[in-house]
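**Student:** Based on what follows, work out the 3D shape:
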Amino acid sequence: MLPQVEVRKGKFSERDYRLAQELNQQEQAIERERRNLKSTETDRALNDAQVSRTLSIFGGNSAAFRQRVASERVELLEAEKDLIEQIAIAQQPEEKKALQRQLDELRAMRRQLDQSLR
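**Tutor:** Got it, this is the predicted structure:
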């Protein structure tokens, strides 16, 4: 007969659970922005570069401009995701703090990009 084993700890720690949630949210944001990379035929027709230049006094941007902005957002989101994974792997508290600072800077840059478009 085998000896009785007592499990005292769950399979995942709270930290692992938060990391998984944060990575999942990051993946969803990346997918949302990837959908914006491809403009539809209607979008290209209504937001043609020549038309948007002519009507720029009313605001709005061309479809090509919005695609470039979406690609920048995707790049920033993927860099954030990589940093989140590196923070999870990092062993030293100083290294984690440095990576967290980089992550905060990337998020601030993304927020500035979003605010500059409004």
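
**Student:** which strands and helices sit next to the biggest helix by length in the chain?
**Tutor:** In the chain, with assignment by DSSP state H, the single longest helix is helix 63-89. Helix 63-89 sits against helix 14-35, helix 49-54, helix 93-116, with contacts defined as 3 or more CB pairs under 8 Å, 6 or more residues apart in numbering; DSSP states H and E. All C-beta spots, glycine's among them, are computed from the backbone N, C-alpha and C.

**Student:** Go through those helices and name the closest to residue 4.
**Tutor:** helix 14-35 (26.8 Å; CB to CB).

**Student:** mean pLDDT for the helices and strands packed on helix 63-89: which is lowest?
**Tutor:** If these are sorted by mean pLDDT, helix 49-54 sits at the bottom with a mean of 61.

**Student:** what sits against the residue nearest the centre of the chain?
**Tutor:** Centroid-nearest residue in the chain, with CA atoms, centre = their mean: residue 77, separated by 2.6 Å. Neighbour list for residue 77: 26, 29, 30, 33, 110 [criterion: CB atoms under 8 Å, 6 or more residues apart in numbering].

**Student:** Can you give me the distance of the last one to residue 91?
**Tutor:** So the one you mean is residue 110. 28 Å (CB to CB, to the nearest Å).
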